[in-house]
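Asks: The sequence isn't on hand, but the structure is:
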């Protein structure tokens, strides 16, 4: 693996996602994944206070961080890792996080302290805001996005307050770097401005959805990443498993993210990704990858790593076997033939969900 800079951090250009630890991945399986990841040199891990997902419940809230903390206490290998976690905003799945306190100048430190306690560490390397409290186009809201929910002054005051609080948190040695998630270009630039006004930590990363089937980042955020040295942490590069081919032809494996969602009363549509157009595009990606002589999963991860701005794909697995398969493709690169084919694919299947 290559290394990538995230502010003052130097990390592998692949990140281990952990959002299934505690639901689809039991404690033993999570421990096995963490062992395998570390042995493979995958030392950059991402989690969140609201994890695990599928489903998000009051009973499981915080369990992923707790499982990671147990592994850290047992292994004694915290010094080999770069740990990232996230604070929940109000509403949506954040309703179980600190009684839906969200994050503001008065609540952000309690969120940090909760994660530190569950992770059994005294330092979070990268602390992120999971989603914007003012709203954004993330989570399939791009179809109906309306930016009129709050005034510019309200948003900038909120950002300045959190930036100043994060300045104190960093100074106390609890957090090293500060990042965002599910943000827009305007929002990211205003956060950068807030850091300059308050002396708070500069935004060094944005964790947004990105992959071959979801390329909104290319249209507004790519230039921010490249010009402002804000690294993309690309979540769902495989579109929640759609690009694995497991749902091809209308299949619905019971042991899958969609199957688990349905078992808990959900729609099983992978957060709006598993649609006729989405499945058609995923099948086309699979055919293209195989014609190029590549595994579709490996090619998707290689695509994110090859972007013309700093980008790190977050890979997640429910089982150690799935993680082994992901790790086996880390030597795949994008050559000129693949780049041309991917460009044709994107023009034929723009934003399929």
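Replies: On my side now, so go ahead. As the structure is a prediction and not an experimental result, all values here were calculated from the model.
Asks: elements contacting the helix or strand where residue 154 lies?
Replies: Using DSSP states H and E, residue 154 sits within helix 152-171. Under the contact definition 3 or more CB pairs under 8 Å, 6 or more residues apart in numbering; DSSP states H and E, helix 152-171 sits against helix 108-119, strand 124-129, strand 175-181, helix 185-198. Every C-beta, even on glycine, is put in place using the N, C-alpha and C of the backbone.
Asks: do you know how far residue 126 is from residue 96?
Replies: As defined by CB to CB, to the nearest Å, residue 126 lies at a distance of 23 Å from residue 96.
Asks: higher neighbour count, these two?
Replies: Each of residue 126 and residue 96 has its neighbours counted (other CB atoms under 10 Å); residue 126 has more, 26 against 17.
Asks: Can you tell me the closest non-neighbouring residue to the more buried one?
Replies: The spatial neighbour of residue 126 that comes closest, neighbours along the chain excluded (CB to CB, 6 or more residues apart in numbering), is residue 84 at 3.8 Å.
Asks: Downstream of whichever strand or helix holds residue 297, the next helix or strand is which one?
Replies: Using DSSP H and E, residue 297 maps to helix 296-305. Sequence order places strand 311-315 as the next helix or strand after helix 296-305, per DSSP H and E.
Asks: Adjacent strands (with direction) for that next one?
Replies: Strand 311-315 pairs in its sheet with strand 15-17 (parallel), strand 231-235 (parallel), by DSSP bridges.
Asks: coming back round to it: report all helices and strands that the helix holding residue 297 contacts.
Replies: Going by 3+ CB pairs under 8 Å, 6+ apart, helix 296-305 lies up against helix 276-291, strand 311-315, helix 320-327.
Asks: most packed of those?
Replies: The highest average neighbour count among the helices and strands packed on helix 296-305, using mean count of other CB atoms under 10 Å, belongs to strand 311-315 at a mean of 24.
Asks: Residues touching it, excluding its own?
Replies: For strand 311-315, the surrounding residues in contact (CB atoms under 8 Å, 6 or more residues apart in numbering) are 4, 6, 11-17, 44, 46, 207, 210-211, 225, 231-237, 301, 304-305, 323, 326.
Asks: Buried only: go through the residues you listed for me.
Replies: Those of the contacts of strand 311-315 that meet the buried threshold are 4, 6, 11-17, 44, 46, 207, 210-211, 225, 231-237, 301, 304-305, 323, 326, by 16 or more other CB atoms under 10 Å.
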